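Visitor: Using only what follows, build the 3D model:
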Amino acid sequence: MKNIVRKLHKIDATDEAIGRLATKIAGILRGKNKPEFQPHLDLGDIVEVSNISKAKFTGNKLDQKKYHHYSGFLGGLKTKRMSDVFSKDPGEVLRRAVTEMLPPTRLRTGMVKRLIIK
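Guide: Purely as a prediction, here's the structure:
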């Protein structure tokens with residue numbers, strides 16, 4: 001296979017909805033914006049997102065949306081509100097959204113590593 005040329009895409013998240021921003025980022029990370037896209041190859045670019053703390057949320061997502069994590073043990077279901085996660089680390093909300101939009105294959109970890117949130 002030939003050498004992969006990865007470009008740097010800089011995105012400003014000011015007044016952008018998180019979901020719309022995440023779909024745009026997932027497409028770039030996956031390489032769907034390139035004519036030589038193939039689903040089994042990781043041809044995506046690098047994405048750098050700035051001003052994530054100024055992103056907007058529509059509806060009551062900050063109060064109603066919850067993130068769940070199951071440890072595997074009885075009673076091990078942990079739940080966090082989106083507002084708690086966003087106040088602690090605003091980039092984590094975007095990172096979780098982008099990760100779930102990428103295909104659950106071996107290539108996903110490499111794609112998420114190319115997401116830089118400032």
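Visitor: helix or strand for the residue nearest the centre of the chain, which one?
Guide: When CA atoms, centre = their mean is applied to the chain, the residue found nearest the centroid is Val98 (2.2 Å). In the assignment (DSSP states H and E), Val98 maps to helix 90-101.
Visitor: can you pull the contacts of the nearest residue to Ser71 once chain neighbours are set aside?
Guide: Among residues not flanking Ser71 along the chain, Lys78 sits closest, at 7.1 Å (CB to CB, 6 or more residues apart in numbering). Using the backbone N, CA and C atoms, a C-beta is placed for each residue, glycine as well. Contacts for Lys78 (CB atoms under 8 Å, 6 or more residues apart in numbering) come out as 68-71.
Visitor: Secondary structure class of Lys78, three-state.
Guide: Look at Lys78: counting by DSSP: H, G, I helix; E, B strand; the rest coil, its state is strand.
Visitor: Now do the worst-scoring helix or strand of the chain on mean pLDDT: which elements does it pack against?
Guide: Among the helical and strand segments of the chain, the one scoring lowest on mean pLDDT, DSSP states H and E is helix 61-64, with a mean of 94. Contact partners of helix 61-64 among helices and strands, from 3 or more CB pairs under 8 Å, 6 or more residues apart in numbering; DSSP states H and E: helix 82-88.
Visitor: Now find how far off-centre the helix it packs on is within its chain.
Guide: The chain centre lies 16 Å from the centre of helix 82-88; the measure is CA atoms, centre = their mean, to the nearest Å.
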